[in-house]
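**Q** this one's sequence-less:
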C-alpha cells in the first residue's frame, strides 16, 4: 500500500493530502505575501486545479480570503489571495514585579488590543486573579469572538519547570513558586498556555521586531529588578538542558568575601561585598552605590540616572560604577558565547545613553574580545513582543487544525 511520507507507516489518504496542500499554500502566502492561483502553482509545483481546490477550501474554512486583484499589462486580471488574519488570535502576557502587560494579536502579528496594570498584588493568588482578570477583560472588550483566541504565552521571571509545574528562581515575586499556580491561570483563561522566562522572550522580541534582526548569535541582557539574559542563535532561542541558560544573575561576583567573612559594612564599593552578580549589577545595586557615595536617598535607579544627567557628582560616580560592573558582565558573556550583538535592556537599558560609552571603555581593559553593544529598541515592550511572537507560532498551527480545511 502506498504510504504518506518517506518512512511513514501510516497509509496515505486524500484528506491528509489535501490538508498538506492547503497548509503549504497558507504558509507560502504568509511568508511571501498575496499571490494569484497561477503564481502559487509556479511557486509550489502544485497543479492549477489542485491550487484552486485548496484555495476554495481555505476560503470556506475562513483561513484565507481574497485580497484584491493583479492586472498585468497583457492578459486577464488575476485574483490575489492572502491569509485571513482574523481566523485566530494570540495572547501575550508579561508579568513583572511592578507592571502587568497584556497584548492581543491577530494571525498576521498585528496588535489589535493592549492593556497594562500596576502589579499591586501582595500574594501569588492575588497576582493570578490580576493576570486572569486583566487578560479576560482585554479579550472581552476587544470585539473578537472569544473562541478565536487560540493560544497564550506568559513571560515571567525565573525558570518554569513543566514537571513540577512551578517557577523556580523568581525571587522578585514572592510565592510565585507555588506548584499548580499556572494551572490556575490556564484554567482562568480557558486556552492553551505556555510559560517562558521573561529575558528569553525579551531577546526574541528584540530579535523579531527590534535591533537584533538578522543577528546570527544575539544576546539580550536584561538589567532591572533582577539580572537575566536571553540568547537567540540562528533565529531560535537557546534555553539550555533545563531552561536555565542565561541565568547569569547566579554567577559569583569576583572578590566576594569567603563564606562566613562578610565585607565591612562601611565599604563604599559594594563590589567588595559577598554576593552574586545580580546583587551587584541590578537596579538595586545602582541605588545602594549612589547612597554609599553620598546621594540623598534616591528612590530607584531611574532617579540616580536622572540626577547624573543633571550633574549630580555622586549619581555620576554611581553610574560609572554600574558601567564598570556591566563591562565585567559583558566580558564574561562575550568570552563564552562570542555574540555578534549584545543588547542592554530592562530598566537600565533606558539609560544606555549614559552607559554604552563607559562600558566600551572598561571592556577594552578587561578583554581583547570586541563586542558590538546597542540599546534595546523596544524598551518595556520587549517581553510582550516576544510573548506575542511565541504565541503566534502555536496559534497559527492550532487555528489551522481546529478549522480542518479539506476535510
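**A** Nice, thanks for sending it over. The shown structure was predicted, so the numbers you read here are calculated from the model rather than taken from an experiment.
**Q** Please identify the helix or strand for residue 363.
**A** Per DSSP states H and E, residue 363 falls inside helix 352-366.
**Q** All the strands of this protein, in order from the start?
**A** Per DSSP state E, the chain carries strands over the ranges 64-70, 78-83, 89-95, 99-106, 111-118, 149-156, 159-161, 166-168, 193-197, 217-223, 227-233, 236-238, 341-345, 373-375.
**Q** strand partners of the fifth one, parallel vs antiparallel please.
**A** With DSSP bridges as the test, strand 111-118 is paired with strand 99-106 (antiparallel).
**Q** Going by neighbour count, which residues in the strand it pairs with are buried?
**A** For strand 99-106, a neighbour-count test (16 or more other CB atoms under 10 Å) marks 100, 101, 102, 103, 104, 105, 106 as buried. Backbone N, C-alpha and C define where each C-beta goes, glycine included.
**Q** can you put those residues in JSON lines and add distance to residue 374 and pLDDT?
**A** What follows is the buried residues of strand 99-106, written out as JSON lines (distance: CB to CB, whole Å; pLDDT from 0 to 100):
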{"residue": "100", "distance to residue 374": "27", "pLDDT": "95"}
{"residue": "101", "distance to residue 374": "23", "pLDDT": "97"}
{"residue": "102", "distance to residue 374": "27", "pLDDT": "98"}
{"residue": "103", "distance to residue 374": "24", "pLDDT": "98"}
{"residue": "104", "distance to residue 374": "29", "pLDDT": "98"}
{"residue": "105", "distance to residue 374": "25", "pLDDT": "98"}
{"residue": "106", "distance to residue 374": "30", "pLDDT": "97"}
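**Q** neighbours of residue 356, just the number please.
**A** As a burial measure, the neighbour count of residue 356 was computed by other CB atoms under 10 Å and equals 16.
**Q** which non-adjacent residue is nearest it?
**A** With CB to CB, 6 or more residues apart in numbering as the criterion, residue 356 has its nearest non-adjacent residue at 5.6 Å, and that residue is residue 373.
**Q** and the gap between the one you found and residue 173?
**A** Counting by CB to CB, to the nearest Å, the gap between residue 373 and residue 173 amounts to 29 Å.
**Q** Over to residue 350?
**A** Noted for residue 350: a distance of 22 Å to residue 173, by CB to CB.
**Q** need the contact list for residue 201.
**A** Under the criterion of CB atoms under 8 Å, 6 or more residues apart in numbering, the contact partners of residue 201 comprise 94, 153, 155, 230, 382, 383, 385, 386, 387, 390.
**Q** that older thread, out of the buried residues of strand 99-106, which is nearest to residue 329?
**A** Proximity of the buried residues of strand 99-106 to residue 329, judged by CB to CB, is greatest for residue 101, which lies at 25.8 Å.
**Q** Quick one: residues contacting residue 350.
**A** Taking CB under 8 Å, 6+ apart as the criterion, residue 350 is in contact with 302, 305, 379.
**Q** Most neighbours out of those residues, which is it?
**A** Each of those was scored by neighbours using other CB under 10 Å; the highest score is residue 305's, at 26 neighbours.
**Q** Can you tell me the closest non-neighbouring residue to that one?
**A** Leaving aside its sequence neighbours, residue 305 is closest to residue 351 (4.1 Å, by CB to CB, 6+ apart).
**Q** Verify the stated contact: the one you found with residue 303.
**A** No - taking CB atoms under 8 Å as the contact criterion, residue 351 and residue 303 are not neighbours in contact, 11.1 Å apart.
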